[in-house]
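**Q** From the sequence below, what's the structure:
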Amino acid sequence: MEIREVLATNLKRYRKAAGLSQEELADRAEIDRTYISALERRVYAASIDVLDRLSRELGIEAADLLRRPKR
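**A** Predicted coordinates for the structure are as follows:
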């Protein structure tokens with residue numbers, strides 16, 4: 001699994017678990033909603049600053065967004 005796929009999968013999972021839409025998460029993290037969508041579709045790679053802002057709003061560690069699923 002590529003790192004962008006790992007990020008996309010984890011971001012979407014944690015966002016949904018928090019009960020947030022892409023727009024709500026984007027507003028809270030001060031990121032454009034289309035950027036959240038692009039991350040979840042594996043179009044863009046995120047900077048560490050963006051990972052930090054997203055993880056804070058999701059109540060998780062930034063590393064959780066990059067953690068590969070156990071096989």
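**Q** just so I have it, where are all the helices in this structure?
**A** For the chain, applying DSSP state H gives helices covering 3-17, 22-29, 33-40, 48-58, 62-66.
**Q** got the contact list for the fourth one?
**A** Among residues not part of helix 48-58, those counted as contacts by Cβ atoms under 8 Å, 6 or more residues apart in numbering are 7, 11, 14-15, 18, 20, 25, 28-31, 35, 46, 61-62, 64-66. Just so you know, the C-beta spots here come from the backbone N, C-alpha and C atoms, and that holds for glycine as well.
**Q** Which among the residues you listed count as buried?
**A** For the contacts of helix 48-58, a burial check counting by 16 or more other Cβ atoms under 10 Å picks out 7, 11, 14-15, 20, 25, 29, 31, 35, 46, 62, 65-66.
**Q** Dump these to CSV, plus distance to Ser55 and pLDDT.
**A** CSV is the format used below for these (distance: Cβ to Cβ, whole Å; pLDDT from 0 to 100):
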residue, distance to Ser55, pLDDT
Leu7, 11, 97
Leu11, 9, 98
Tyr14, 8, 98
Arg15, 11, 98
Leu20, 13, 98
Leu25, 11, 98
Ala29, 9, 97
Ile31, 12, 96
Tyr35, 15, 97
Ala46, 10, 94
Ala62, 4, 97
Leu65, 6, 97
Leu66, 10, 97
